[in-house]
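Asker: Below is the sequence, then the predicted model.
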Amino acid sequence: MIFDDDQIALRDVARRFAREKLRPDYQKRESQPGLDRALLKEMGSLGLIGVNLPEEYGGLGQSHLTAGIISEEIAYGDVNVALVQLVGSLLGLLIHRYAKPELARHWVSRIVAGEAIIGLGLTEPRGGSDAANLQVKARRVGNEYILSGEKTSISFSKTADALIVFARTGKPEDGARGVSSFLVPMDLPGIQTTCFDDLGYKINGRGSVFFDDVRIPAENLMGEENKGFMQVMVGFDFSRILIGLMAAGTAQASIDETWEYMKERQAMGVPIVQYQGVSFPIVEYETLISACRQLCYHGLTLIDAGLPHTAESAMVKWMGPRTAVDAIHQCILTLGHYGYSKDTPHQQRLRDVIGLEIGDGTATVMKLIIARERAGRIAVQYATENRK
């Protein structure tokens, strides 16, 4: 993939920020309570959040491909911080497209500047992948909607300034056709949150959000009532590719560090990189990560060209995180006892990247999507009929 001058310049800014600012304190940040807001404002000042958002909000109006380039570079330094760029690019775009103009201006400008964190309120306790059958309800009362129910597995559950919440405004039997989306400030009365003790991704604070008859102004409805579901489903095709690049960037950091270790570590009087049994496994993952990266770039160029990209998005969503997990695991094994120590960042990267295998759809769901795209509805018809 050949980048233009603007993309190269932004990539270099993100690369310096990731390697000089993020990477040295990657392990220290895990014990901190949430994201460092000053760090996010610095990212915003450098133009590294929501680069694809319009200039009217302070964005750079760049392509989806450019947003992917930035996401990968940031993930090289800290995959947790890279999630801020992902949600900024994805949710900022949803707010721009579907929120009322004054609401969009207020929130998107703050997202781009690193002054606000927005979360996605979609998943519910009874079913993560069955996103069309939502139980959280929003009923219209005068000039307000009253929101009730629970969302779970929400990134930034305690630190988000607002959530885009998907709730049922139609009848249960309406399925996806009865879902609407709302921009919900998190300081409204009736909202309570919890935070899970996760294996990784700790500073992003995944947890549950409870809505106890929360009153939302009617103007916070995004788009048309009962037509909100497709907004997020289309967005997933974009975010899944960004996740693939975040996985690639994280794995590349471990691979690069392992190459340096193999050049310095000696056995039998020679650097261990000279032993094919040591170097070849890392060569294989260097190759696989490069292949994942190029497929991600291809998917983003399809988006920018307005061409179908759902299959490519699903491919990189299952292949990228899976390959990254295996690659980082191999790096730990290559370093031996030293790699197994918490003194190195590999174990944290492994724990963080495992989370990427789950969010936005598991490998099984992604393979169903690919089968449907290639063979048509018949590929998933039996499963769909037996679920009813």
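Answerer: It's in. The shown structure was predicted, so the numbers you read here are calculated from the model rather than taken from an experiment.

Asker: Now for the chain, the helix or strand with the poorest mean pLDDT.
Answerer: helix 381-387 (a mean of 54; mean pLDDT, DSSP states H and E).

Asker: So in terms of bridging, what pairs with Val141?
Answerer: Beta-bridge pairing for Val141 (DSSP bridges): Glu144.

Asker: ok, which stretches of the stretch 201-350 of the chain are strands?
Answerer: Applying DSSP state E, counting those that start in this stretch to the stretch 201-350 of the chain gives strands spanning 207-217, 221-222, 266-267, 270-271.

Asker: Can I get these in JSON lines including mean neighbour count?
Answerer: Just so you know, the C-beta spots here come from the backbone N, C-alpha and C atoms, and that holds for glycine as well. Compiled in JSON lines, the strands of the stretch 201-350 of the chain are given as follows (neighbours: other Cβ atoms under 10 Å):
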{"stretch": "strand 207-217", "mean neighbour count": "18"}
{"stretch": "strand 221-222", "mean neighbour count": "23"}
{"stretch": "strand 266-267", "mean neighbour count": "11"}
{"stretch": "strand 270-271", "mean neighbour count": "12"}
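
Asker: what about these, which gets the closest to Asp352?
Answerer: Nearest to Asp352, of all these, is strand 207-217, at 16.7 Å by Cβ to Cβ.

Asker: Run through the neighbouring helices and strands of the closest one.
Answerer: strand 144-154, strand 179-185, strand 191-193 (3 or more Cβ pairs under 8 Å, 6 or more residues apart in numbering; DSSP states H and E).

Asker: if we go to 10 Å?
Answerer: When contacts are defined as 3 or more Cβ pairs under 10 Å, 6 or more residues apart in numbering; DSSP states H and E, strand 207-217 packs onto strand 118-121, strand 137-141, strand 144-154, strand 162-168, strand 179-185, strand 191-193.

Asker: List the neighbouring strands of it plus their orientation.
Answerer: Strands that pair with strand 207-217, judged by DSSP bridges, come out as strand 144-154 (antiparallel), strand 191-193 (antiparallel).

Asker: what's the most buried one of those strands?
Answerer: Sort these by mean neighbour count, taking mean count of other Cβ atoms under 10 Å, and strand 144-154 sits at the top with a mean of 20.

Asker: ok, now how distant is the closest residue in space to His309 that isn't next to it in sequence from Arg374?
Answerer: Nearest non-adjacent residue to His309, counting by Cβ to Cβ, 6 or more residues apart in numbering: Leu302, 3.9 Å away. To Arg374, Leu302 is 16 Å away according to Cβ to Cβ, to the nearest Å.

Asker: Then Gly205?
Answerer: Distance from Gly205 to Arg374, by Cβ to Cβ: 38 Å.

Asker: looking at the strands paired with strand 207-217, which is closest to Val81?
Answerer: Closest approach to Val81 among the strands paired with strand 207-217 is made by strand 144-154 (18.0 Å; Cβ to Cβ).

Asker: how far off strand 179-185 does the closest one point, in degrees?
Answerer: With axes from the mean of the first three to the mean of the last three Cα atoms, to 10 degrees as the basis, strand 144-154 and strand 179-185 are set at 90 degrees to each other.
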